[in-house]
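S.K.: Build me a model:
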Amino acid sequence: MHQNGGPVNNPSDAATAAAALSHYSMTVPQPTEMSFQAQSSTGEGDRPMSASFGMGDHQHGGHGLNDFPNLDALKSPTRQANESNTGIHAKPAVGSEEWHKQRRDNHKEVERRRRETINEGINELAKIVPGCEKNKGSILQRAVQFITQLKENEQANIEKWTLEKLLTEQAITELSNSCEKLKSDCQRAWDEKEAYRRACEKHGIVPEEFQNQGENADKNGEN
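M.R.: Numbers count the residues shown, from 1 in each chain. Coordinates of the predicted model:
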């Protein structure tokens, strides 16, 4: 009458389930604005680009300050202009006509580079933002609208993901508790079954179901 078997819950299975739950993690991504600011502060967002924004295929991704090849000209225009003339002409006397002419030329070069940088940036925006016209003002206005819409969509997605994360974690907790209760109930049922089996064996009691199974087996053997 004794039947081989063991408790329903397997320790290795329980350990595996516990490990899976402990390693489960559903991460809500941070807003792009935060990651972009972090990249700008650490310099990770900088990457080399072509000499001009208006040439070559556009590569999607975050743009750092080094993406603008003419930005250095805006930072130190006088120095670059002076370096180009070093060794060719001696510096003119301060206040002389040549000195004023050089200042005007330097200023024109700075303005030219500044306009070139702005135009390249606007051309790059026109590649990124859909539905842009050729007018620069329209491109900037469209870019503001596009960025605003992206931020609104991102905020909505983050709220959605946060809610899904909470619901998923709640469901996992409830499922884990249900599994623990089921294992406890199965263990208790197994212990009760073993107690009844030992009591029946002690008093020589054979359940009617087992007797019928034995009789059917004998009949099948005779046939």
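
S.K.: Helix or strand: which one has residue 132?
M.R.: Assigned by DSSP states H and E, residue 132 belongs to neither a helix nor a strand.

S.K.: wait, what's in contact with it?
M.R.: Contacts for residue 132 (CB atoms under 8 Å, 6 or more residues apart in numbering) come out as 125, 126, 138, 139, 142, 143. From N, CA and C alone the C-beta is placed, and that goes for glycine too.

S.K.: gap between it and residue 116?
M.R.: As defined by CB to CB, to the nearest Å, residue 132 lies at a distance of 19 Å from residue 116.

S.K.: repeat for residue 92
M.R.: 27 Å.

S.K.: ditto for residue 162
M.R.: In terms of CB to CB, residue 162 sits 44 Å off from residue 116.

S.K.: again, but for residue 150
M.R.: From residue 150 to residue 116 the distance is 28 Å (CB to CB).

S.K.: Those two: who's more crowded?
M.R.: residue 116 (16 against 12; other CB atoms under 10 Å).

S.K.: which stretch of helix or strand covers the more buried one?
M.R.: helix 97-128.

S.K.: what's the neighbour count on the nearest residue to residue 199 once chain neighbours are set aside?
M.R.: Closest residue to residue 199 apart from its sequence neighbours, by CB to CB, 6 or more residues apart in numbering: residue 205 at 7.7 Å. For residue 205, the count of nearby residues is 11 (other CB under 10 Å).

S.K.: follow-up on the earlier one: quick one: which of the contacts of residue 132 is most hemmed in?
M.R.: Counting neighbours by other CB under 10 Å, residue 126 comes out on top of those with 22 neighbours.

S.K.: Return the residues in contact with it.
M.R.: Per CB under 8 Å, 6+ apart, neighbours of residue 126: 132, 134, 139.

S.K.: So residue 209: helix, strand or coil?
M.R.: Here residue 209 is helix, with the state taken from DSSP: H, G, I helix; E, B strand; the rest coil.

S.K.: Now do it: how many residues are near it, please.
M.R.: Counted with other CB under 10 Å, residue 209 comes out at 8.

S.K.: what does residue 207 give?
M.R.: Residues lying near residue 207 (other CB under 10 Å) number 12.

S.K.: Who are the contact partners of it?
M.R.: Applying CB under 8 Å, 6+ apart, we find residue 207 in contact with residue 200.

S.K.: how much space between it and residue 196?
M.R.: 9 Å.

S.K.: Ok, residue 99 next?
M.R.: Using CB to CB, residue 99 is found at 112 Å from residue 196.
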